[in-house]
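Colleague: Here is a sequence together with a model predicted from it:
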Amino acid sequence: QVQLVESGGGLVQPGGSLRLSCVASGRSFSSYAMGWFRQAPGLEREFVAADIWNGGNTYYADSVKGRFTVSRDNAKNTVYLEMNSLKPEDTAVYYCAARKPPLRLGKLRQWEIDYWGQGTQVTVSS
């Protein structure tokens with residue numbers, strides 16, 4: 001069993017930045033595809049970003065491409081989401097997600113996620 005604990009959410013003004021962190025328990029972190037989803041009020045949960053294999057294969061939703069950066073530190077069992085140029089429409093609960101092997105390249109899909117974090121709120125507002 002893997003537990004994912006997110007941190008780093010909060011209130012930020014439009015154009016600002018935040019960095020989310022997600023720490024995973026367990027010893028198989030490096031073999032997991034890691035990523036982030038988000039869910040805004042009244043909307044479905046959507047894919048944001050993924051780091052499939054230690055930074056060598058990263059994927060982004062079109063809406064965040066060029067503004068968000070996903071990365072991981074396998075020595076710390078941690079995945080990060082650096083969010084820049086934040087917009088009000090980025091407001092959502094952000095969830096860390098993990099998918100077990102085997103390796104598959106490409107964006108993460110909700111139905112294939114094996115573990116979810118509890119979520120951290122990001123609010124972009126002036």
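Modeller: Great, that's in hand.

Colleague: And Tyr95, which helix or strand is it part of?
Modeller: Using DSSP states H and E, Tyr95 sits in strand 92-99.

Colleague: Tell me the bridge partners for the residue most central in space within the chain.
Modeller: Central residue of the chain (CA atoms, centre = their mean): Trp36, 2.1 Å from the mean position. Trp36 has these beta-bridge partners by DSSP bridges: Ala49, Cys96.

Colleague: same thing with Asp73?
Modeller: Taking DSSP bridges as the rule, Asp73 bridges to Thr78.

Colleague: Show the pLDDT at it.
Modeller: Asp73 carries a pLDDT value of 93.

Colleague: circling back to that earlier point, please state the offset of the strand holding Tyr95 from the chain centre?
Modeller: Chain-centre distance of strand 92-99: 5 Å, with CA atoms, centre = their mean, to the nearest Å.

Colleague: Contacts only, for the residue nearest to the centre of the chain.
Modeller: Residues near Trp36 by CB atoms under 8 Å, 6 or more residues apart in numbering: 20, 22, 48-50, 70, 79, 81, 94-97. All C-beta atoms are positioned from the backbone trio N, CA, C, and that covers glycine.

Colleague: Identify, from those, the entry nearest to Ile113.
Modeller: Ranked by distance to Ile113 (CB to CB), the contacts of Trp36 are led by Ala97 at 4.6 Å.

Colleague: Where do the strands of the protein begin and end?
Modeller: With DSSP state E as the criterion, the chain has strands at 4-7, 10-12, 18-24, 33-39, 46-51, 58-60, 68-73, 78-83, 92-99, 115-116, 120-124.

Colleague: and of these, who's closest to Arg109?
Modeller: Of the strands of the chain, nearest to Arg109 by CB to CB is strand 46-51, at 7.2 Å.

Colleague: Distance of Val12 relative to Ala61?
Modeller: Distance, Val12 to Ala61, by CB to CB, to the nearest Å: 19 Å.
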